[in-house]
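> Sequence and predicted model, in that order:
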Amino acid sequence: MKKKDTILRILFNTVRSLAVGIVTGTCITIFANTVNIAGVINNRFPFLILLIPLGAYLTLAIYQKLGDSFRKTTVEAIDTIHEMETETDEVKLRPGKISPWMGPVAYIAAAISHLTGASVGKEGVGVQIGLAIGEFFTRIERKFAWRGHYGREDYYLMTGSAAAFGSLFGAPIAGILFGLMFATPDILRLDALFPVLVSTYSAVYVALKLGIHKMEIPDFMELPATVNNLITVALFAILIGLLARLFLYLLAKFRKGVEDKFGSKILSALIPGTMVTLFSIIIFIFTDSFDYNGLSLDLLYRAIDGRGVPLYTFILKALMVFLSIAAGFVGGEVVPLLVTGGTFGYAFASVLGLETSPFAVLGAIGMLTGGTNLPLVCFALAIELFSYSEPGLLFMTVALSYLASGDKGIYHHQRIAMRKRTARD
């Protein structure tokens, strides 16, 4: 490549990546703050949980009207990235399978979920918004393409998803690694490093300047890297990986079981939605709180800061997540995985008479690793979001929980070493 072409390529990639990052950071800030406001409204007016069945029906109606493909944004993006992994031609702007309208649709559906009190997360929709923005810029460039441009659709998708993930958690390194690896965890797409780096850092900066609402992890005690602690944490990491495996298995069973049992899509939304409401009321009767609805971040914070949670918390939270997702609510599974793993870690340490806060943190990160198949992303997220400073025990946790969790994950169609290359979920 000539020097002039190299300079133009760097210039074009910088401008594109900045544009994707700025727009994504702005949109993710609006989205995250909307989810927070919806949660506050739901907490102030708890009778809104009675509307969960209606919320499930509205979500179903939205996606039925627009088509089920709108639910498969992440899968379509992963497939597109796979198709272009081995491409060497820089000029690759193909007809996109993802609609840019997926972003606003997912935003509305997530707002319904959190306003009514469904037990889901937010990062799944956040990533879909980032992917939709990436596809939007792909189509703009395709429409106004000029001779010698250097656009690639997979780069746009990676920059959008990375910018969204990084800005949601205020974690640029985790965001960069997410964009480079979420489609294929065993391949680090360094060819896209520069545009992903630019988009993610710009998105995180914009989001912080605009006042994005993000998680605030309490202070916690870290375990020293002694031999005894290494053995204990290794065994715990394997256990939390198996728990993540069980979580994903039961989640899939709940989804399929609801579809097979009721047949009708309306009943498949209304009955699990009604069960979420009933369980919410029953839990409130016994606990005097609706902490298991919505993001449930207070449960995670209490497990970390020592205020404590009931030992069965992780079971109830998982059940609420299964029912909410089976009802068709959208949002994501990352925060539910963090909460479930963190509260399990607290229960594990409490039963064995160990310090609870370090195991709550390691449980959250280990559970997320097992659910996403992204150990390096979770390692970076623990350092950036949780401010974890003992890398030895942390890496032991993400590595062993990843290995113990098996080949399934929340991001379908991932290609990982333990799965056959030709397999499709």
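Everything's here; your move.

> mean confidence score for stretch 107-121?
Here stretch 107-121 scores 95 as its mean pLDDT.

> okay, it in PDB with CA atoms only?
The C-alpha trace of stretch 107-121 is given here as PDB (Å, rounded to 0.1, in the frame of the first residue of the first chain):
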ATOM      1  CA  TYR A 107     -34.700   0.900  23.600                       C
ATOM      2  CA  ILE A 108     -38.500   1.000  23.800                       C
ATOM      3  CA  ALA A 109     -38.700  -2.700  24.700                       C
ATOM      4  CA  ALA A 110     -36.100  -2.300  27.400                       C
ATOM      5  CA  ALA A 111     -37.900   0.700  28.800                       C
ATOM      6  CA  ILE A 112     -41.100  -1.400  29.100                       C
ATOM      7  CA  SER A 113     -39.200  -4.200  30.800                       C
ATOM      8  CA  HIS A 114     -37.700  -1.900  33.500                       C
ATOM      9  CA  LEU A 115     -40.800   0.300  34.000                       C
ATOM     10  CA  THR A 116     -42.900  -2.700  34.700                       C
ATOM     11  CA  GLY A 117     -40.300  -4.400  36.800                       C
ATOM     12  CA  ALA A 118     -39.200  -7.400  34.800                       C
ATOM     13  CA  SER A 119     -36.000  -9.100  36.100                       C
ATOM     14  CA  VAL A 120     -33.600  -8.400  33.200                       C
ATOM     15  CA  GLY A 121     -30.400  -6.500  32.500                       C
END
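
> secondary structure class for residue 410?
Put simply, residue 410 is coil when judged by DSSP: H, G, I helix; E, B strand; the rest coil.

> residues touching it, list them.
124, 248, 333-334, 337, 371-372 (Cβ atoms under 8 Å, 6 or more residues apart in numbering). All C-beta atoms are positioned from the backbone trio N, CA, C, and that covers glycine.

> Could you export these to JSON lines, including columns for pLDDT?
Listed next are those as JSON lines, based on pLDDT from 0 to 100:
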{"residue": "124", "pLDDT": "91"}
{"residue": "248", "pLDDT": "92"}
{"residue": "333", "pLDDT": "89"}
{"residue": "334", "pLDDT": "93"}
{"residue": "337", "pLDDT": "95"}
{"residue": "371", "pLDDT": "94"}
{"residue": "372", "pLDDT": "93"}
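
> export those residues to a markdown table and tack on secondary structure, neighbour count and distance to residue 11?
Putting these into a markdown table (DSSP: H, G, I helix; E, B strand; the rest coil; neighbours: other Cβ atoms under 10 Å; distance: Cβ to Cβ, whole Å) gives the following:
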| residue | secondary structure | neighbour count | distance to residue 11 |
| --- | --- | --- | --- |
| 124 | helix | 23 | 34 |
| 248 | helix | 19 | 43 |
| 333 | coil | 23 | 38 |
| 334 | helix | 24 | 35 |
| 337 | helix | 29 | 40 |
| 371 | helix | 29 | 39 |
| 372 | helix | 26 | 34 |
